[in-house]
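*Asks:* After the sequence you'll find the predicted model.
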Amino acid sequence: MARTAILERLTWRVGTVTELRQESPTARTIVLHIPGWPGHLGGQHVDLRLTAPDGYSTQRSYSIASAADGERVELTVEEIPDGEVSPYLTQVLEVGDALELRGPIGGWFVWRPGPPTPVQLIAGGSGLVPLMAMIRARAAAPGTGVAPFRLLYSVREPEALLYAAELGERATDGTGLEVTYAYTRLAPEGHERPPGRVDAALVRDVTWPPESRPSTFVCGPTGFVESAAGLLVAAGHDPALIRTERFGPTGGRP
Ligand SMILES: Cc1cc2nc3c(=O)[nH]c(=O)nc-3n(C[C@H](O)[C@H](O)[C@H](O)COP(=O)(O)OP(=O)(O)OC[C@H]3O[C@@H](n4cnc5c(N)ncnc54)[C@H](O)[C@@H]3O)c2cc1C
């Protein structure tokens, strides 16, 4: 059984792009239909492999943005200027194109619907993607006793927000998701905090207190993740309850 699951994850599959959605001026969502997709949990990612006509091939990791939904899988890619792969995915890829990928990968940085333990999500930039999959999986989880979620989302400026409309709706639908935005460069008019990095005071004010023993997921660029995790531990959170994912470079030939 376990062996079959591992083999499934290692198998390269071909997905077809069925839809493309611009999420911000520099990020877009790629909706894929992947025949035989075995399903996934919020927080998992895929490896994506691109091969040029001359045989040159390279691969990158991308988190899954959507909740499990049959053979439909969504990824959201933020363009890194001068990057090898992300500019292709955000600007060149078209509906109908095929993409080679394998997964779902990851068994640690995942949220499983279950007991209503509070959950703290902390995202830096496109680090929101796997956390959004958790938020969507929570919304899709049937029954009562759904875990209360808090999201602290650090982003450069309002224009760079991912899933802004959906997050706004989910945060006001009365199902127990609280969202706090922290703008690092430019805040919208009337925003309660001036632009700045996530700091100890913000962590104290808007995240679950250590006594609540939240399951915590932190994702974003390496520096952001290290700083946020350090602030949580300094605030008294149990390091064993903090899971992190770093969106560092993943380049390389397969
Ligand atoms: C587990 C995992 C999940 C990921 N999920 C996502 C996701 O959901 N969405 C997403 O957009 N990206 C995600 N990434 C990052 C992604 O894998 C690539 O690293 C990113 O798209 C850049 O690839 P590139 O080929 O365009 O840039 P490259 O050609 O690899 O790099 C170009 C330059 O940018 C720097 N760089 C590379 N990656 C980053 C980065 N993430 N942030 C800042 N600088 C970088 C490199 O050091 C280099 O200097 C994830 C990474 C990991 C490890």
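*Replies:* Nice, thanks for sending it over.
*Asks:* Read off the pLDDT value for whichever residue of the stretch 51-200 of the chain sits closest to the ligand.
*Replies:* Relative to the ligand, the nearest point of the stretch 51-200 of the chain is Gly83 (2.1 Å; CB to the nearest ligand atom). For every residue, glycine as well, the C-beta is placed using N, CA and C. For Gly83, the model assigns a pLDDT of 95.
*Asks:* again, but for Arg9
*Replies:* On the pLDDT scale, Arg9 gets 73.
*Asks:* What is the subsequent helix or strand relative to the host helix or strand of it?
*Replies:* Using DSSP states H and E, Arg9 falls within helix 2-10. Next in sequence after helix 2-10, counting helices and strands by DSSP H and E, comes strand 13-24.
*Asks:* so where's this structure shaky on pLDDT?
*Replies:* Counting by pLDDT under 70, the chain shows low-confidence ranges at 1-3, 5-6, 142-145, 249-254.
*Asks:* As a check, name the ranges of all strands in it.
*Replies:* Counting by DSSP state E, the chain has strands at residues 13-24, 27-33, 45-51, 57-63, 72-78, 98-105, 119-124, 149-155, 177-183, 215-220, 242-246.
*Asks:* Pull out the buried positions in the longest one.
*Replies:* By neighbour count on 16 or more other CB atoms under 10 Å, the buried set for strand 13-24 is Arg13, Gly15, Val17, Glu23, Ser24.
*Asks:* Same list, these, but as JSON lines with distance to the ligand please.
*Replies:* Formatted as JSON lines, these follow (distance: CB to the nearest ligand atom, whole Å):
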{"residue": "Arg13", "distance to the ligand": "18"}
{"residue": "Gly15", "distance to the ligand": "15"}
{"residue": "Val17", "distance to the ligand": "16"}
{"residue": "Glu23", "distance to the ligand": "10"}
{"residue": "Ser24", "distance to the ligand": "11"}
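*Asks:* that older thread, number of nearby residues for the residue of the stretch 51-200 of the chain closest to the ligand?
*Replies:* Around Gly83 there are 16 other residues, counting by other CB atoms under 10 Å.
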